[in-house]
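[1] Build the 3D model from these lines:
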Amino acid sequence: MRRLLSAGLAALLLLAVPLTASPPASAVTSPITVRYATIENFGWTSPIRVSVLSSSPVTAITVGLRLDGTATGSTPYATVSDFTLVDGTTTDGTWQSSTAPQIALNPATDLDVSVTDSAADQVTVPTAGTIAAHIPTSFSEFTVTPGTVDLHRGPVSYAGRLVYPDAQGVAQPAVGVAVSVLAGNGYVARSVTTDADGRFSGTAPAPKDSITYFARSSMLGGLIGTGSQGVPVVVQPVPTRITITGVNPVQPYLNADATISGRLEQQAADGTWGPLASRNVSVTAVGGQYLTSASTSASGSFTASAQTTLSGQWTVAFDPGLTLFTPSSAVASVQDPAHLMAYSQFSMEGIGATQNRVNAGATVPFYGELLGPPNGAKIVIEFSADGKNWNRTAFTGLSGAVSAPYENFSIPITVNSPGYWRAVYDGDAHSLPAVSTAYQIAVGSLVTVDQFYVSPTSPVTPGTNVLFESSLIDETPKGTFPVKNAKGVLQFSKDGSHWTTAGPLYSPTDGNYYTTSILTQTGSWRVDFPALRLSSRPIRIEVRGKSRITSFGITPNPVKHGSRLKLGGLLQGYGHTWYGLSGRTMQVFFRPTGAASGTKIGTSVTDKSGRFTFTATAGQSGTWWVSYNGGSYYLPVTSAVRSSRVA
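    Residues are numbered from 1 along each chain as shown. Have a look, this model is predicted:
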């Protein structure tokens with residue numbers, strides 16, 4: 001901002017360079033030409049400079065200082081005639097006065113010049129130049145109040161005073177000067193004019209974001225514009241809340257989508273609640289799995305379609321990000337979470353082929369169990385050469401009905417070429433369709449990664465040295481054999497898509513391959529054999545520190561009905577030793593005695609030592625517990641359950 005003010009001041013000074021006047025057309029043939037008249041320096045006093053071209057040597061120069069705007073020929077308020085040559089010659093040179101007259105502050109001053117030469121020629125040029133004193137100004141005061149507001153509380157009030165030093169250096173009020181009150185990067189919040197004491201004041205709407213206000217004055221006559229020091233105004237976040245208005249259908253199928261409706265509101269300055277429009281709310285399953293998001297309308301309402309999970313509940317949350325609102329959340333639930341109707345699904349399916357490999361023309365069973373539909377539901381077997389395009393009509397004898405009473409099925413398939421096989425149930429009026437896992441059957445010999453595993457398994461703490469082991473086998477109809485001496489590498493990926501090589505694999509020539517690596521970040525790992533164009537399945541390993549909750553308790557216990565009870569404990573993380581985790585959000589849950597499930601009651605944030613407290617009104621007996629959802633560096637953890645008795 002200082003650079004901007006300096007640049008602005010420089011621009012004003014450039015604009016304030018004394019004006020010069022060309023001689024009138026009638027003087028073109030005169031033996032004397034006055035090129036210009038100006039001042040030597042800025043300030044209250046300054047010598048006068050005049051540039052003259054003449055046929056004969058100049059013998060006398062007189063300059064009258066006249067207020068700009070007065071009639072030509074008016075009596076000047078000061079006259080200077082003691083000029084000496086300072087540059088050039090007496091016929092073509094620049095002359096400067098020995099005295100430095102005091103220059104009027106406002107308005108500007110016109111310089112009327114009279115010149116006489118040795119040939120007795122004389123010329124008078126009115127307004128041969130226009131000058132100004134160029135006196136600096138400053139804001140002796142500039143305030144903006146209050147220093148803290150929110151989006152609904154305003155306006156802000158500003159006040160200040162603009163002064164300048166007189167010829168004796170005493171501060172005087174700058175009267176009638178235009179002042180702009182600027183917000184942030186140059187937005188003009190208000191424009192005012194200083195009064196007889198140089199003061200100005202007014203109000204402006206409260207800012208939407210924390211911002212710094214400045215005052216900047218314009219140039220007036222001989223007064224130079226300037227800028228004030230910045231005054232910050234902080235905007236506090238506005239409270240928000242979410243209200244769930246409905247779930248449709250009220251009792252959806254498990255894993256089916258349900259429409260969740262609700263309203264996001266913000267609190268006004270008078271304490272009332274109103275809509276918060278054009279904001280995103282997220283929908284997560286119990287446990288934190290992200291499902292979907294929705295945007296609020298002008299009335300603050302929203303609808304979101306989300307999958308129904310086993311808990312039958314969803315958490316709807318508003319995260320304000322960098323905007324000036326508080327976060328909020330609410331729980332939506334199906335009508336009867338304990339009795340959700342499941343989808344149709346296949347279970348325990350498979351193909352009766354050793355290592356999923358057969359000779360061409362072999363017939364093997366596709367077997368499994370169909371859960372959900374009634375006995376007698378028809379199952380169809382589909383084939384695909386590429387695992388994408390499926391066909392059920394090109395094969396005969398590949399369909400059948402499930403058998404009572406366990407809904408098991410076994411359907412023979414004849415394999416003539418390699419490809420993929422799956423079981424399909426098309427559904428009915430009471431049951432949803434289902435598709436089984438696709439099983440690949442190879443014909444002939446195939447080299448595969450038989451095993452790939454790590455020790456220790458995820459999660460691990462930073463700096464853990466992890467062992468990676470795998471094996472290669474060649475599967476043929478005649479048997480399975482180890483593949484020895486293949487060149488392999490260990491690879492790592494942060495996102496599961498872009499892989500980098502971490503190091504070579506080592507082999508004791510028995511078909512097994514291994515290496516170790518010290519882990520410092522979360523990501524996926526796999527073994528890759530470039531020459532074979534073969535990679536293992538990736539294994540994701542979370543690298544996070546352990547966490548624990550200790551000293552969790554409730555006081556007083558038992559407690560009187562309607563009294564306050566207090567929960568407290570300590571959240572710790574492990575890094576060479578256990579220490580408190582500060583600034584973490586703890587989720588507080590309560591399950592009344594006899595209830596099937598608990599409900600989230602609120603949250604508490606740990607202090608600098610990792611301790612947390614939560615206070616509630618005792619309404620009924622039950623059990624309490626807290627949980628920490630974990631983060632980038634520490635694992636989630638749930639406390640022990642504590643009972644409270646309400647007398």
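
[2] lowest confidence element among the helices and strands of the protein?
    Every helix and strand in the chain was compared by mean pLDDT, DSSP states H and E; the lowest is helix 2-15, with a mean of 35.

[3] what about the residue nearest to residue 443 when sequence neighbours are not counted, how many residues close to it?
    Leaving out its chain neighbours, the residue that sits closest to residue 443 by Cβ to Cβ, 6 or more residues apart in numbering is residue 418, at 4.7 Å. C-beta coordinates here come from the backbone N, C-alpha and C atoms, glycine included. Neighbourhood size, residue 418 [other Cβ atoms under 10 Å]: 15.

[4] which residues in the stretch 51-200 of the chain form strands?
    58-67, 78-80, 83-88, 92-97, 109-117, 122-131, 135-136, 138-145, 148-150, 156-165, 171-173, 178-183, 187-193, 199-204 (DSSP state E, counting those that start in this stretch).

[5] Figure out which of those is closest to residue 284.
    strand 148-150 (28.3 Å; Cβ to Cβ).

[6] Centre of the chain to that closest one, how far?
    21 Å (Cα atoms, centre = their mean, to the nearest Å).

[7] List the buried residues of that strand.
    Neighbour counts over strand 148-150 (16 or more other Cβ atoms under 10 Å) mark 149-150 as buried.

[8] by contact count, what packs against it?
    If you count contacts as 3 or more Cβ pairs under 8 Å, 6 or more residues apart in numbering; DSSP states H and E, strand 148-150 packs onto strand 231-236.

[9] Just checking: what are the partner strands of the strand it packs on?
    Strand 231-236 sits in its sheet next to strand 148-150 (parallel), strand 211-217 (antiparallel), going by DSSP bridges.

[10] and of the ones you listed, who's closest to residue 50?
    strand 211-217 (32.5 Å).

[11] mean confidence for the next helix-or-strand element following that closest one?
    As assigned by DSSP states H and E, the chain's next helix or strand after strand 211-217 is strand 223-224. Mean pLDDT, strand 223-224: 88.

[12] from the chain's centre, how far out does strand 223-224 sit?
    43 Å.

[13] mind checking the longest strand of this structure?
    Identified as the longest strand of the chain according to DSSP state E is strand 464-476.

[14] What are the buried residues along it?
    Here strand 464-476 shows 466, 468-473, 475 as buried, counting by 16+ other Cβ under 10 Å.

[15] Lowest-confidence one in those?
    residue 475 (71).

[16] buried sites along the strand or helix carrying residue 302?
    In this structure, residue 302 sits in strand 301-307 according to DSSP H and E. Under the neighbour-count criterion of 16+ other Cβ under 10 Å, strand 301-307 has 301-302, 304, 306-307 buried.

[17] just stretch 293-303 next, same as before
    Buried-residue list, stretch 293-303, by 16+ other Cβ under 10 Å: 293-294, 296, 300-302.

[18] contacting residues for the closest residue to residue 119 other than its chain neighbours?
    Spatial nearest neighbour of residue 119, excluding adjacent residues (Cβ to Cβ, 6+ apart): residue 56 at 4.0 Å. Residues in contact with residue 56 (Cβ atoms under 8 Å, 6 or more residues apart in numbering) are 31, 91, 117-119, 121.

[19] ok, so what distance separates the residue lying closest to residue 98 once chain neighbours are set aside from residue 89?
    Spatial nearest neighbour of residue 98, chain neighbours left out: residue 82 (4.4 Å); criterion: Cβ to Cβ, 6+ apart. With distances taken as Cβ to Cβ, to the nearest Å, residue 82 is found 20 Å from residue 89.

[20] Across the sheet, point out what pairs with residue 443.
    According to DSSP bridges, beta-bridge pairing links residue 443 with residue 358.

[21] Against residue 222, how distant is it?
    To residue 222, residue 443 is 100 Å away according to Cβ to Cβ.

[22] Which one of the two is surrounded by more residues?
    residue 222 (22 against 17).

[23] Just to check, the more buried one is in contact with residue 108?
    Yes. Residue 222 lies in contact with residue 108 (Cβ atoms under 8 Å); the separation is 7.2 Å.

[24] Need the residues touching each of those two.
    Joint contacts of residue 222 and residue 108 (Cβ under 8 Å, 6+ apart) are residue 132.

[25] Present the buried residues of strand 301-307 as a markdown table; the columns should include distance to residue 199 and pLDDT.
    What follows is the buried residues of strand 301-307, written out as a markdown table (distance: Cβ to Cβ, whole Å; pLDDT from 0 to 100):
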| residue | distance to residue 199 | pLDDT |
| --- | --- | --- |
| 301 | 49 | 97 |
| 302 | 50 | 97 |
| 304 | 55 | 96 |
| 306 | 60 | 94 |
| 307 | 65 | 90 |
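
[26] For the stretch 301-450 of the chain, which segments count as strands?
    301-307, 313-318, 328-333, 345-351, 357-358, 362-371, 378-384, 399-401, 408-415, 419-425, 434-435, 439-443, 446-455.

[27] Could I have the CA atoms of the second one written out in CSV?
    The C-alpha trace of strand 313-318 is given here as CSV (Å, rounded to 0.1, in the frame of the first residue of the first chain):
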residue,chain,number,x,y,z
GLN,A,313,-28.1,-42.5,9.1
TRP,A,314,-26.2,-39.7,7.4
THR,A,315,-24.3,-36.6,8.7
VAL,A,316,-25.1,-33.4,6.8
ALA,A,317,-22.4,-30.8,7.3
PHE,A,318,-21.6,-27.2,6.2
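
[28] what's the model's confidence in that strand, averaged?
    Throughout strand 313-318, pLDDT has a mean value of 95.

[29] Show me what it is packed up against.
    Using 3+ Cβ pairs under 8 Å, 6+ apart, strand 313-318 sits against strand 240-248, strand 257-267, strand 280-285, strand 328-333.
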